[in-house]
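Participant: sequence first, predicted coordinates after that:
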Amino acid sequence: MQEADLKRVWDAWDANCRILEFTRGVDQDQFVKSDLLRSAVERQFEICGEALGYLRGNEDIERIVPDLHKVVGLRNRLIHCYDAIDPEILWTIIASSIPRLQGQLTTILKEAGVLNE
């Protein structure tokens, strides 16, 4: 895998780490009510989607991250439809999809020898 592609995977992985860190110990109600927390998490979603957007068409990445297009789509909604974002849907994504995506990105980085967790 090219170094530039690994950098983008790393950026997405790091953004996911931050989402998990920011929301650790937080429940849905706290998330929905906190403009500051939602803004921070939305920014990390944007970074993750932007980084992975550059990797569309990379069969190796898409094999491990089959929902890559959904991550990019979420980024696009956050950027272009910012006034129609439902924080409860974001919370569902955090709870159900981010841990799985983090595992997939970890697999890529481990296979490339970049991460030794």
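Facilitator: Yep, it's here.
Participant: quote the end-to-end distance of stretch 46-59.
Facilitator: By CA to CA, to the nearest Å, the extent of stretch 46-59 from end to end equals 22 Å.
Participant: tell me the average confidence for it?
Facilitator: The average of the pLDDT scores along stretch 46-59 is 96.
Participant: list the contacts of that stretch.
Facilitator: Around stretch 46-59, the neighbours that count as contacts under CB atoms under 8 Å, 6 or more residues apart in numbering are 5, 8-9, 11-12, 15-16, 19, 61-62, 65, 68-69, 71-76, 78-79, 101. Bear in mind the C-beta positions are built from the backbone N, C-alpha and C, glycine included.
Participant: recalculate using a threshold of 6 Å.
Facilitator: Arg8, Asp11, Ala12, Ala15, Ile61, Leu68, Val71, Val72, Leu74, Arg75, Leu78 (CB atoms under 6 Å, 6 or more residues apart in numbering).
Participant: right, and the pair among the residues you listed with maximum separation?
Facilitator: Greatest spacing in the contacts of stretch 46-59, by CB to CB: Ile61 and Leu78 (21.1 Å).
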